[in-house]
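K.L.:
Show me the folded form of this:
(2 chains)
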Amino acid sequence: MNIWLSLFVSSILNLDNVSAFQILISRPSFVGFIIGSINGFVVEGFIIGIMTELFVYDFVPVGGIPVPNGTIASTTAILLIPYFDGKIFIPFFIGLICGEGFSYIEVYLRTLKSYFNKILEKRFMNYKFLVGDIIFYSMLIDFLIYLVYGFLVYFIFSKISSYLNTNYLNNVFKISTIGTFFIIMSSLFFKFKTQVSKNE
Amino acid sequence: MNEMSFKDRFLVVIRSFLLQASFNYERFQNIGFLFIILPFLKRIYKDDPAQLRNSLLRHLDIFNTNPYMSCFVVGNIIKMEMLKEDEKKIINIKQALACAFASIGDRIFWARLRVLTSILTLLLFLIFYFFSSINSEAIAVCVISSLIFYSFSSIYIRWIGTDYGWKYGGERNCGIDTFNWNRWIRILSRIGFFLITISILLIFFIYGYLYIGNNNKDIVFYVSIPIISFLLQRYFRKNKKSIFYPVISFIIISFILASIW
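P.N.:
Okay, here's the model as predicted:
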């Protein structure tokens, strides 16, 4: 029940990424907090969320280039926490893989949505001036594809989690998580340093 | 339609939230743009369906800008359509403004304000961790306060954009000099740099306290992690590689480190 509720909430929040609002309710730290609250991992959810967020924000979505989806990354990671005895290290990296995977689906979706242009051209030529339904169907497609993708990746990784949840791998990914955090912070520091020196 | 009322501005801002709903690689935000201006075009050309059709087909063409800055373009175009300006002039101004505002918006929102919001969230979290304790309420404060800060900025710029776009309507500089954008970009960069520096100092302090302070045995191991991370990040950034490269390299190194320790 929590899985579907989490994915449903996450799918709605994900619309904020591209389709609607862009007021950052799809940001991984917020999603992590919400999904974490639903599943009883508030602190873990937030930590996964903020790390994913800082990682994903290293990419700038200029000109419509697809970037790793932080919403699905944090959601999947949080849903997988119980399969790794409450540890966040391996789920965090699985989340990043899922987030990157979803960016390829987004490319496909955006290509598919080009078809709506032809529908609208035909409509306008026939003096039918309606656009709202296309907007609605676009968002519905985004919502459903995200929901299905979210469930699939959750299902696959929850099935193979028993092979991944070993002491050795948990140690490896604990070190990797700390290292990744320092990589992210270092990247952000130099990004702002470059911005400041360029502006001078 | 001679004036843009409060209700009209509200309508533009609300509809602008859906600018990218039908984002496609053929013409980018064109359907969203059409969705925003449709009620106004219907009003302007209410007695002339042929003109309305031509206008809609014209605006179905490629359109791509920063979503937060789109209202500047929308305001200008609605005014120009209302004044029944030359078709070619409308299209030219629309495309020129889209490019200019995309550049400004990307630098302000994507490259600075959005990242700054995350750093602010992280910093609040670290402050709570350092001075108090971490619980659901503390996390809610971290997340929601930064969310309000960003949402307010983004909605404000959409509102102001509609206002100024309508006011200038394709004349003079089309409202592009509403703000001293370069000054804002400079200020945001400096705030970002200041916050990230404070965050890093706090992180090192907490990391040292947690992992190094009481752990003389593994001190080399824990000190080596940030050093290796830093070197990897610099190496791959120098070679213009994405952040995935240093992270994957570090995972490989972690296999070795986990075997040794």
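K.L.:
For chain A, which segments are assigned as helices?
P.N.:
Ranges of helices in chain A, per DSSP state H, are A:2-14, A:28-39, A:42-56, A:70-80, A:89-112, A:115-125, A:132-164, A:167-199.
K.L.:
now the stretch 51-200 of chain B
P.N.:
Ranges of helices in the stretch 51-200 of chain B, per DSSP state H, counting those that start in this stretch, are B:70-82, B:87-105, B:114-131, B:136-168, B:181-207.
K.L.:
Check which residues of the strand or helix carrying B:R9 are buried.
P.N.:
B:R9 belongs to helix B:6-16 when assigned by DSSP states H and E. Neighbour counts over helix B:6-16 (16 or more other Cβ atoms under 10 Å in any protein chain shown) mark B:D8, B:R9, B:L11, B:V12, B:V13, B:R15, B:S16 as buried. Bear in mind the C-beta positions are built from the backbone N, C-alpha and C, glycine included.
K.L.:
Among the helices of the stretch 51-200 of chain B, which comes closest to B:I228?
P.N.:
Of all the helices of the stretch 51-200 of chain B, helix B:181-207 sits nearest to B:I228, with 14.0 Å by Cβ to Cβ.
K.L.:
any idea of the mean pLDDT in whichever helix or strand comes after the closest one?
P.N.:
Using DSSP H and E, the helix or strand that follows helix B:181-207 in sequence is helix B:219-238. Mean pLDDT, computed over helix B:219-238, is 94.
K.L.:
Check stretch A:182-200 too.
P.N.:
91.
K.L.:
Kindly report the same for stretch B:94-109.
P.N.:
Here the average pLDDT along stretch B:94-109 is 95.
K.L.:
Buried residues of it, list them for me.
P.N.:
B:94-95, B:97-98, B:100-102, B:104-109.
K.L.:
near chain A, which of the residues you listed show up?
P.N.:
Contacts with chain A are made by B:D106 out of the buried residues of stretch B:94-109, judged by Cβ under 8 Å from any Cβ of the partner chain.
K.L.:
Specify which member of the buried residues of helix B:6-16 is nearest to A:L130.
P.N.:
B:R15 (14.5 Å).
K.L.:
Quick one, grab the pLDDT at that closest one.
P.N.:
97.
K.L.:
Now do the closest residue to it other than its chain neighbours: how many residues are near it, please.
P.N.:
Distances taken as Cβ to Cβ, 6 or more residues apart in numbering or on different chains place B:I36 nearest to B:R15, at 4.3 Å, with adjacent residues excluded. By the criterion of other Cβ atoms under 10 Å in any protein chain shown, B:I36 has 27 neighbours.
K.L.:
circling back: may I see the buried residues of stretch B:94-109 organised as a markdown table, with distance to A:T177 added?
P.N.:
A markdown table is the format used below for the buried residues of stretch B:94-109 (distance: Cβ to Cβ, whole Å):
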| residue | distance to A:T177 |
| --- | --- |
| B:K94 | 47 |
| B:Q95 | 46 |
| B:L97 | 44 |
| B:A98 | 41 |
| B:A100 | 42 |
| B:F101 | 39 |
| B:A102 | 36 |
| B:I104 | 37 |
| B:G105 | 33 |
| B:D106 | 31 |
| B:R107 | 31 |
| B:I108 | 32 |
| B:F109 | 29 |
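K.L.:
Neighbours of B:K167, how many?
P.N.:
16.
K.L.:
these two touch, right, the residue nearest to B:R15 and B:V13?
P.N.:
No - if you go by Cβ atoms under 8 Å, B:I36 and B:V13 don't touch, sitting 9.4 Å apart.
K.L.:
Contact partners for residue 94?
P.N.:
In the absence of a named chain, this looks at chain A. Contact analysis of A:I94 by Cβ atoms under 8 Å, 6 or more residues apart in numbering or on different chains lists A:T76, A:A77, A:L80, A:F157.
K.L.:
oops, I was thinking of chain B
P.N.:
With Cβ under 8 Å, 6+ apart, B:K94 has these contacts: B:H59, B:F63, B:V73, B:N76, B:I77.
K.L.:
Apart from its neighbours in sequence, what residue is nearest A:S114?
P.N.:
Leaving aside its sequence neighbours, A:S114 sits nearest to B:E26 (Cβ to Cβ, 6+ apart; 3.6 Å).
K.L.:
Show me the shaky parts of the chain.
P.N.:
Picked chain A for this. Low-confidence segments of chain A (pLDDT under 70): A:1, A:199-200.
K.L.:
that's the other chain; I wanted chain B
P.N.:
Using pLDDT under 70, chain B drops low at B:1, B:214-216.
K.L.:
The residue lying closest to B:C99 once chain neighbours are set aside - how many residues pack around it?
P.N.:
With sequence-adjacent residues excluded and distances taken as Cβ to Cβ, 6+ apart, B:C99 is closest to B:T65, at 7.5 Å. For B:T65, the tally of surrounding residues (other Cβ under 10 Å) stands at 26.
K.L.:
rewinding a little: what is the helix holding B:R9 packed up against?
P.N.:
helix B:30-44, helix B:70-82, helix B:136-168 (3 or more Cβ pairs under 8 Å, 6 or more residues apart in numbering or on different chains; DSSP states H and E).
K.L.:
got the buried residues for the longest one?
P.N.:
Across helix B:136-168, burial judged by 16+ other Cβ under 10 Å covers B:138-139, B:142-143, B:146-147, B:149-151, B:153-155, B:157-168.
K.L.:
from those, which are also near chain A?
P.N.:
Answer for the buried residues of helix B:136-168 near chain A (Cβ under 8 Å from any Cβ): B:I139, B:C142, B:V143, B:L147, B:Y150, B:S151, B:S154, B:I155.
K.L.:
Isn't B:K79 up against B:D163?
P.N.:
No - using Cβ under 8 Å, B:K79 is not in contact with B:D163, being 11.3 Å away.
K.L.:
so B:T162 makes contact with B:V73?
P.N.:
No - using Cβ under 8 Å, B:T162 makes no contact with B:V73, being 10.0 Å away.
K.L.:
any common contacting residues for those two?
P.N.:
With Cβ under 8 Å, 6+ apart, B:T162 and B:V73 have no common neighbours.
K.L.:
Run a quick neighbour tally on B:V220.
P.N.:
9.
K.L.:
three-state assignment of the nearest residue to A:S138 once chain neighbours are set aside?
P.N.:
With sequence-adjacent residues excluded and distances taken as Cβ to Cβ, 6+ apart, A:S138 is closest to B:S22, at 4.2 Å. With DSSP: H, G, I helix; E, B strand; the rest coil as the basis, B:S22 sits in coil.
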